[in-house]
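Asks: my questions concern the predicted model and sequence given below.
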Amino acid sequence: MTGRTLILACLGALALALAAARPVFAGEGLVTAGAAVREVELSGFTRPRTRLQVVTEEAGRVLEVPRDVGEAVAADGVFARLDPTFLALELEANEVERARLGARIAYDLKEAERQRALVERGDTSRAALDAAEQALRDDRFALDALAVAGRVLEERLQRTRVHAPAGWRVSGRQVEPGQWVNVGDPLGEVVDLSLLVVPYALTAEQYTALRARPALHLVLPELAKKVPARVHRVDPAFNPATRKIPVELAIRLEPHEARGGWRALLALDLMAEPGTVRLPRQALRGSYGEHWLVRGDGERVTVTVLRGQETDTVTVNAPGLVPGDVFRVRPPDGPP
């Protein structure tokens, strides 16, 4: 083989290798088949990112529930108000007792000073001074205990205002004004709709295709819109029953649209079945419902058209087809 022949052979092999990368024209009247993918569409439904059950920490009669189901919790975060009357009276009694002890401590202090002066003059025993000082210490300790009890009552009084995160929407309401509730009773439920999650169960192949996507989008048919999405959570556990991977995608919607229950469609491109390729529509020939391709060497290959017959490219299937196969292209005005 001469040097010129060897160079031409190498250039020809290089051209075929480059042409096999995608379905582009490899030469005059020839086209190279490219790898085909199959699109799968998975369906899920939006749901709130977080649900929170609102529980009372105090017993009492419900005075007010400012928000109804579907409404947002106000900026002050109050979900319900309980009757604070008895706690307010206990706090008032505590303040009265603290004032009494304060006066008692002032008297005990004077008495201790008087007993100390008598001891210094020798007019009384040391035991009398010790008793006066002990009474003073006891009253001071009692005043400190009342101060702690007062702070507890103030905290309990504040908790008659049952709070929930401001801006979250009420999804459940289990009490009405006038109803008696005990400690630990659930009053309702609120949800965070600032971020919606859509759960899917993916096979390993689908999960790999999801991770390979540079950008994710979900289609919401009822809203007629396509929104950006991101992976919110991937469950690392294995479900032996489904053999699938639980994945949650997160999206954001306008406040008036944010709610659970919207259908969300996720499209993924997976590797096609063996024998499936993609190529320009001009390479496809057909007659009386039968379709075929003509290889570069003239061999006729009967194929099944999977999709794209009305577009610029078609996806076909036939035993033995692989990406990189070269087929003839019929002239634009030639026979089918």
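Replies: Looks like it arrived, so ask away.

Asks: give me the low-pLDDT residue ranges for the stretch 1-150 of the chain?
Replies: 1-28 (pLDDT under 70).

Asks: how about the strands in it?
Replies: 25-27, 30-32, 34-35, 37-45, 47-55, 60-64, 78-82 (DSSP state E, counting those that start in this stretch).

Asks: which of the helices or strands spans the nearest residue to Val40 once chain neighbours are set aside?
Replies: Leaving out its chain neighbours, the residue that sits closest to Val40 by C-beta to C-beta, 6 or more residues apart in numbering is Leu268, at 5.3 Å. In short, each C-beta sits where N, CA and C put it, glycine included. Leu268 is part of strand 263-271, with elements assigned from DSSP states H and E.

Asks: again, but for Ala166
Replies: Per DSSP H and E, there is no helix or strand for Ala166.

Asks: quick check: it vs Arg252, distance?
Replies: 19 Å (C-beta to C-beta, to the nearest Å).

Asks: equivalent analysis for Ala128, please.
Replies: On the measure of C-beta to C-beta, Ala128 and Arg252 end up 78 Å apart.

Asks: ok, back up a step: out of the strands of the stretch 1-150 of the chain, nearest to Ser194?
Replies: strand 47-55 (7.3 Å; C-beta to C-beta).

Asks: distance from the closest one to the middle of the chain?
Replies: Its chain's C-alpha centre and that of strand 47-55 lie 12 Å apart, by C-alpha atoms, centre = their mean, to the nearest Å.

Asks: so for that strand, what gets flagged as buried?
Replies: Of the residues in strand 47-55, Arg47, Pro48, Leu52, Val54 count as buried by neighbour count, 16 or more other C-beta atoms under 10 Å.

Asks: could you find the closest non-adjacent residue to the third one?
Replies: In this structure, Leu52 finds its nearest non-sequential neighbour in Val190, 5.3 Å apart by C-beta to C-beta, 6+ apart.

Asks: ok, now Leu284?
Replies: Val314 (5.4 Å).

Asks: what does Pro319 give?
Replies: Gly275 is the one closest to Pro319 (C-beta to C-beta, 6+ apart), at 5.3 Å.

Asks: ok, that neighbour - how many residues close by?
Replies: 15 (other C-beta atoms under 10 Å).

Asks: distance of it relative to Val294?
Replies: Gly275 is 17 Å from Val294, by C-beta to C-beta.

Asks: got it, and Ala106?
Replies: Distance from Ala106 to Val294, counting by C-beta to C-beta: 113 Å.

Asks: out of those two, which sits in the more crowded spot?
Replies: Val294 (16 against 12).

Asks: out of the strands of the stretch 1-150 of the chain, which is closest to Ala212?
Replies: strand 37-45 (11.2 Å).

Asks: may I see the buried residues of that closest one?
Replies: Buried residues in strand 37-45 (16+ other C-beta under 10 Å): Leu42, Gly44.

Asks: partner strands of that strand and their direction?
Replies: The strands beside strand 37-45 in its sheet (DSSP bridges) come out as strand 263-271 (antiparallel).
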